[in-house]
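*Asks:* What follows is a protein structure lacking sequence information:
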């Protein structure tokens, strides 16, 4: 079937989540249930009429619908993801012949309690739900997940790994807010997966750091810093254990902010002296949390304590300036600065990747380690992954992958046609072919804000969308 666009896929998941949740509060005749079911019946009917199954579900904690991955979930998606995970469902397959009664009975089953997947399947059989299958990865017949290519290099695999890391950070923050000591297992597992991807193909994760979820800034920022720390550590030639520790420290570097009052954390304007003092406590609070978590290298807590110490060690906390620190705090500082510079905040306009690197070069030797800034700049290249550029044929493209043979000619994905029209599906192009022939040359960097283009959303769509 023709692939549903991402907005329609999002609409269908949102309706489904609302219907499942509402079924626990309202009778089936209530408009809050009847209307979303009618819309779903129409949407699924139209999609299934094209002759192919509709497949959706949860992959490593990330909701997918067809080829679309929703790695920065809305509340509705998060609620439905939790429900499917609780019921041990990895995949739902809807096939031609699905009736509105079957859909309604299935929604009712999902809204209730069950003893697990086997119990759910038994009830589906009893209720004559024949055109919906629920599957688990434990099923021998379950095919490969969407976009999960052979090997870790697949972009879908990388997006799923990023989503897994987001889920791990959310879990840690939730435990802290509930007064529990969080486990390090999920964060460690997520970082191990990201390290594996980076060791195989160093540039794969760089673009993911341009994914920005402004409604969940802290989670998103932590994962991005972890991704960048992994990439830089790998580029420096650190061994796998050191790269792993840098990734964990990056993901947990701001975890202490969970204990900072929300009115200070989310204040849009300048902080008062007292508020700034409170905010600066987050590095100490974070280090304390990590020491309590267990199972983590002590240098991770030390890196979190000192990630605002600056290269000249004139940062904070002041009492900790004389402590012994290793290279990791300077790696985290580089990653933290780059992600902060490229993120739109209430008090700052986001910088393009190249402008962020230029800003970091001004801080080199004082706030940031000069040699690490040089290496990070080399890693990112002249046109960092995630940069929007104009070509000499007037197309606008997103830099997708560096070209190790020619930094002037990265692999790009066309976003805007020559006449300025937006492509529904990005078109991947090599700017220069192996035989030396050129498709086009980069003539300028483009500010995404001026073109109303969300670079992060283009990256999170995955290939071909």
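*Replies:* That came through, no problem. What you are looking at is a predicted structure, and each value in this text was computed from that prediction instead of being measured.
*Asks:* so what pLDDT did the most far-flung residue of the chain relative to its centre get?
*Replies:* Most distant from the centre of the chain: residue 126, at 39.4 Å, with distances by C-alpha atoms, centre = their mean. On pLDDT, residue 126 comes in at 85.
*Asks:* Tell me the helices and strands packed up against the helix or strand that contains residue 222.
*Replies:* For residue 222, the host element (DSSP states H and E) is helix 217-235. On a contact count with 3 or more C-beta pairs under 8 Å, 6 or more residues apart in numbering; DSSP states H and E, helix 217-235 meets helix 155-177, helix 185-200, helix 240-252, helix 327-341, helix 370-380. Quick note: C-beta positions are derived from backbone N, CA and C, even for glycine.
*Asks:* angle of it against helix 240-252?
*Replies:* Orientation check (axes from the mean of the first three to the mean of the last three C-alpha atoms, to 10 degrees): helix 217-235 against helix 240-252 gives 160 degrees.
*Asks:* quick check: mean pLDDT across helix 217-235?
*Replies:* Regarding helix 217-235, the rounded mean pLDDT is 87.
*Asks:* same deal with stretch 414-433?
*Replies:* Mean per-residue pLDDT for stretch 414-433: 85.
*Asks:* burial count for the closest residue to residue 265 other than its chain neighbours?
*Replies:* Distances taken as C-beta to C-beta, 6 or more residues apart in numbering put residue 257 closest to residue 265, at 5.9 Å, once the chain neighbours are dropped. Neighbours of residue 257 under the rule other C-beta atoms under 10 Å: 22.
*Asks:* My understanding was that residue 257 contacts residue 221; is that so?
*Replies:* No: contact criterion C-beta atoms under 8 Å: residue 257 and residue 221 do not qualify, at 9.5 Å.
*Asks:* Just say helix, strand or coil for residue 425.
*Replies:* Recorded secondary structure, residue 425: strand (DSSP: H, G, I helix; E, B strand; the rest coil).
*Asks:* Helices of the stretch 51-200 of the chain, start to end?
*Replies:* Under the criterion DSSP state H, counting those that start in this stretch, the stretch 51-200 of the chain carries helices at the ranges 75-86, 100-111, 117-126, 155-177, 185-200.
*Asks:* Looking at those, spot the one closest to residue 429.
*Replies:* helix 155-177 (16.3 Å; C-beta to C-beta).
*Asks:* from the chain's centre, how far out does the closest one sit?
*Replies:* Helix 155-177 sits 8 Å away from the centroid of its parent chain (C-alpha atoms, centre = their mean, to the nearest Å).
*Asks:* So for it, what gets flagged as buried?
*Replies:* For helix 155-177, burial by neighbour count (16 or more other C-beta atoms under 10 Å) applies to 155-173, 175-176.
*Asks:* got the angle between that helix and helix 75-86?
*Replies:* Here helix 155-177 runs at an angle of 90 degrees relative to helix 75-86 (the same axes, to 10 degrees).
*Asks:* Show me what helix 155-177 is packed up against.
*Replies:* For helix 155-177, the elements it packs on are strand 62-65, strand 68-70, helix 185-200, helix 217-235, helix 240-252, judged by 3+ C-beta pairs under 8 Å, 6+ apart.
*Asks:* for these, which one sits closest to residue 454?
*Replies:* Among the helices and strands packed on helix 155-177, helix 217-235 comes nearest to residue 454, with 13.2 Å by C-beta to C-beta.
*Asks:* quick one: that closest one to helix 327-341, angle?
*Replies:* For helix 217-235 against helix 327-341, the angle by the same axes, to 10 degrees is 130 degrees.
*Asks:* quick one: helix 217-235 to helix 370-380, angle?
*Replies:* Calculated by the same axes, to 10 degrees, helix 217-235 forms an angle of 90 degrees with helix 370-380.
*Asks:* ok, back up a step: who's in contact with the residue nearest to residue 265?
*Replies:* 218, 265, 282, 286 (C-beta atoms under 8 Å, 6 or more residues apart in numbering).
*Asks:* just the residues you listed now: which is nearest residue 195?
*Replies:* Nearest to residue 195 among these is residue 286, at 21.2 Å by C-beta to C-beta.
*Asks:* Touching, the closest one and residue 251? I think so.
*Replies:* No: here residue 286 does not reach residue 251: they are 11.1 Å apart, not a contact under C-beta under 8 Å.
*Asks:* who has more neighbours, the two?
*Replies:* Between residue 286 and residue 251, counting by other C-beta under 10 Å, residue 251 is the more crowded of the two (30 against 25).
*Asks:* So that one sits against residue 169, correct?
*Replies:* Yes: using C-beta under 8 Å, residue 251 is in contact with residue 169, at 6.1 Å.
*Asks:* Just the ones of the contacts of residue 257 in helices?
*Replies:* Cross-referencing these against helices under DSSP state H gives 218, 265, 282, 286.
*Asks:* can you tell me how far the first one sits from residue 439?
*Replies:* With the distance defined as C-beta to C-beta, to the nearest Å, residue 218 ends up 40 Å from residue 439.
*Asks:* sorry, back to before: looking at the ones in helices among the contacts of residue 257, which has the most residues close by?
*Replies:* Using other C-beta under 10 Å as the neighbour criterion, residue 286 leads those with 25 neighbours.
*Asks:* which residue sits closest to it in space, ignoring its chain neighbours?
*Replies:* Distances taken as C-beta to C-beta, 6+ apart put residue 256 closest to residue 286, at 3.1 Å, once the chain neighbours are dropped.
*Asks:* correct me, but residue 433 touches residue 439?
*Replies:* Yes: applying C-beta under 8 Å, one finds residue 433 in contact with residue 439, separated by 7.4 Å.
*Asks:* neighbour-wise, which of the two wins?
*Replies:* Between residue 433 and residue 439, counting by other C-beta under 10 Å, residue 439 is the more crowded of the two (16 against 11).
*Asks:* show me the contacts for the more buried one.
*Replies:* Taking C-beta under 8 Å, 6+ apart, we find residue 439 in contact with 429, 430, 431, 432, 433.
*Asks:* Could you rerun that using 6 Å?
*Replies:* Neighbouring residues of residue 439 by C-beta atoms under 6 Å, 6 or more residues apart in numbering: 429, 431.
*Asks:* Would you mind measuring from it to residue 396?
*Replies:* Between residue 439 and residue 396 the distance is 14 Å, computed by C-beta to C-beta.
*Asks:* about what we covered before: looking at the contacts of residue 257, which is nearest residue 455?
*Replies:* Of all these, residue 218 has the smallest distance to residue 455: 20.2 Å, by C-beta to C-beta.
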